[in-house]
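**Q** here you go, sequence then predicted model.
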Amino acid sequence: LSVFICEMLDFFGMLRAYVPSLVEGIADCWFEMILVAIAAQWYLILSTGFWRLRGWRNSPSQTRPGKQKNKTCDNLVAAKKRGNMAIETCANGNSKPELQAQCMVTSLVRGGGSACDMLALKQYEALAHGQHHGYLRYHLRKADQARSFFLALISGSVRLCVHAQSVQGTMPLSPAVDPKNVRGWVSRLLADMRRFGCPIDAEFYSGILRILAPLGLLRESIWLHEVMLADAITPDRDACICLWNAAMTLGDSQNALIFFGKIARFGKMSMRTCMTMIRMLNQDGDWQSALQILSELKAAGNSPDALVLNGILGLCITTGQVETASNLLSDWQLCADTISCNIVLKGFAQQADLEKMEGLLQTMLLHGPQPNIISFNTALDCAVRALQVAHGVADKRRSDNGSCGCSSGGGGETSGGDSGGGSPKAAAAAAA
């Protein structure tokens with residue numbers, strides 16, 4: 001204890017020696033110290049709100065409170081409260097409508113359709129069709145953000161309608177979540193986009209079609225095309241392909257042909273798409289629509305390959321349009337191959353048209369494509385059928401002449417019998 005007391009006395013003695021110089025230093029730089037203190041205080045006020053007055057801290061300013069709300073909503077998502085968890089955190093009676101709109105837009109834009117559930121639809125209806133819809137419109141002022149937000153809503157509502165999920169204890173939605181109300185939800189959300197002034201283009205409609213197609217909503221896809229036309233929006237290539245696939249799956253050849261023509265106008269078309277369309281027309285026996293496919297390709301500056309041309313030629317021959325097939329072969333001679341000519345030769349053989357068959361075979365020998373063994377076999381078949389037709393006509397004429405001779409010979413015998421008998425030469429001539 002005595003040692004400690006001695007050390008403390010030494011410390012105070014040393015401090016007493018330095019106090020005069022410390023006071024003299026403070027007296028020299030007091031003004032600079034005051035400026036540093038004021039600057040530190042204002043820095044705390046403007047950055048963290050430290051030492052703010054209570055009225056200022058709760059002020060409805062559009063700059064600082066908005067930034068603080070953004071931080072609040074972002075912190076909810078950053079804290080792994082993604083999607084509907086962030087919406088559920090903000091969608092309560094104590095949260096302000098602006099914060100609810102902010103959290104909803106952020107969650108659905110980041111989480112997509114998987115973040116849209118019954119709670120999100122309920123909160124959207126309360127904001128979009130209530131007195132606070134201005135907050136939602138403010139946060140959807142960016143076109144890309146608005147498109148992502150409404151695509152997420154459409155994806156979630158359509159998915160809920162297809163699966164018909166019912167959640168107890170939630171406010172009823174209008175329209176209800178039901179498999180029959182898919183068109184109702186899509187129409188309602190599109191109307192809200194127009195009301196909020198959000199841009200709707202062909203790319204947005206293509207996104208909706210990509211939502212409907214995997215869920216098997218094919219008739220709704222065709223209906224959406226009518227909505228696009230009502231909005232004076234021309235579908236892009238992706239949308240036309242989705243619509244064409246839907247029409248093909250439904251077996252709607254009329255709409256499939258319409259969408260096929262629209263796809264052809266976008267440039268080079270896959271021959272696989274053409275063959276799929278031709279197979280469908282083969283089932284219906286619609287050779288006129290097959291000719292329309294060639295017209296669409298020609299108008300778009302495309303030309304079919306030999307496989308597509310052979311499919312259309314085969315359809316014409318099957319339906320008995322041999323003359324049409326022959327004209328097609330002449331028009332698309334540059335695209336034809338040996339199989340194309342063989343198909344038309346088969347049509348000539350079915351009609352036993354030896355003259356046209358010989359002309360086509362002569363053209364193949366002189367100008368190509370070169371005939372193969374099938375070509376010559378088909379030509380022989382045509383010659384045999386032509387001979388059979390010629391012999392059939394001759395036999396028919398002989399039978400007709402024979403029947404006429406028999407009836408006249410019977411009359412001679414009767415008259416001869418009446419006159420006492422006929423000559424043998426007359427009977428032989430009648431029999432001949």
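**A** Okay, I see it.
**Q** tally of neighbours for residue 120?
**A** For residue 120, the tally of surrounding residues (other C-beta atoms under 10 Å) stands at 24. Quick note: C-beta positions are derived from backbone N, CA and C, even for glycine.
**Q** typed the wrong thing, it's residue 37
**A** Residues lying near residue 37 (other C-beta under 10 Å) number 10.
**Q** could you do residue 235 as well?
**A** A count of neighbours around residue 235, defined by other C-beta under 10 Å, yields 21.
**Q** can you give me the strands in this protein?
**A** Assigned by DSSP state E, the chain shows no strands.
**Q** residue ranges with poor pLDDT in it?
**A** The chain contains residues with pLDDT under 70 at 47-95, 164-179, 393-432.
**Q** thinking residue 372 is in contact with residue 339, fair?
**A** No: the pair residue 372 / residue 339 is not scored as a contact, 9.0 Å apart, by C-beta atoms under 8 Å.
**Q** neighbour-wise, which of the two wins?
**A** The neighbour comparison of residue 372 against residue 339 (other C-beta under 10 Å) goes to residue 339, with 17 against 13.
**Q** excluding chain neighbours, what is closest to that one?
**A** Nearest residue to residue 339, sequence neighbours excluded (C-beta to C-beta, 6 or more residues apart in numbering): residue 310, at 5.5 Å.
**Q** would you mind measuring from residue 152 to residue 162?
**A** According to C-beta to C-beta, to the nearest Å, residue 152 and residue 162 sit 16 Å apart.
**Q** my error: substitute residue 253 in the last question.
**A** Residue 253 is 27 Å from residue 162, where distance means C-beta to C-beta.
**Q** residue 152 and residue 162: which is more packed in?
**A** Neighbour comparison, residue 152 and residue 162: the larger count goes to residue 152, with 24 against 16 (by other C-beta under 10 Å).
**Q** tell me the contacts of the more buried one?
**A** The contact partners of residue 152, by C-beta atoms under 8 Å, 6 or more residues apart in numbering, come to 108, 109, 111, 112, 113, 115, 116.
**Q** buried ones only from the residues you listed, please, as a ChimeraX command.
**A** Filtering those down to the buried ones (16 or more other C-beta atoms under 10 Å) takes a single ChimeraX command:
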select :108,109,111,112,113,115,116
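**Q** got the contacts of residue 152 as CSV, with distance to residue 18 columns?
**A** Formatted as CSV, the contacts of residue 152 follow (distance: C-beta to C-beta, whole Å):
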residue, distance to residue 18
108, 66
109, 63
111, 64
112, 68
113, 72
115, 66
116, 71
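**Q** for residue 30, state which of the contacts of residue 152 is nearest.
**A** Nearest to residue 30 among these: residue 109, at 55.1 Å, using C-beta to C-beta.
**Q** do you know how far the residue nearest to the closest one when sequence neighbours are not counted is from residue 107?
**A** Of all residues not flanking residue 109 in the chain, residue 148 sits nearest, at 4.7 Å (C-beta to C-beta, 6+ apart). The gap separating residue 148 from residue 107 is 11 Å, by C-beta to C-beta.
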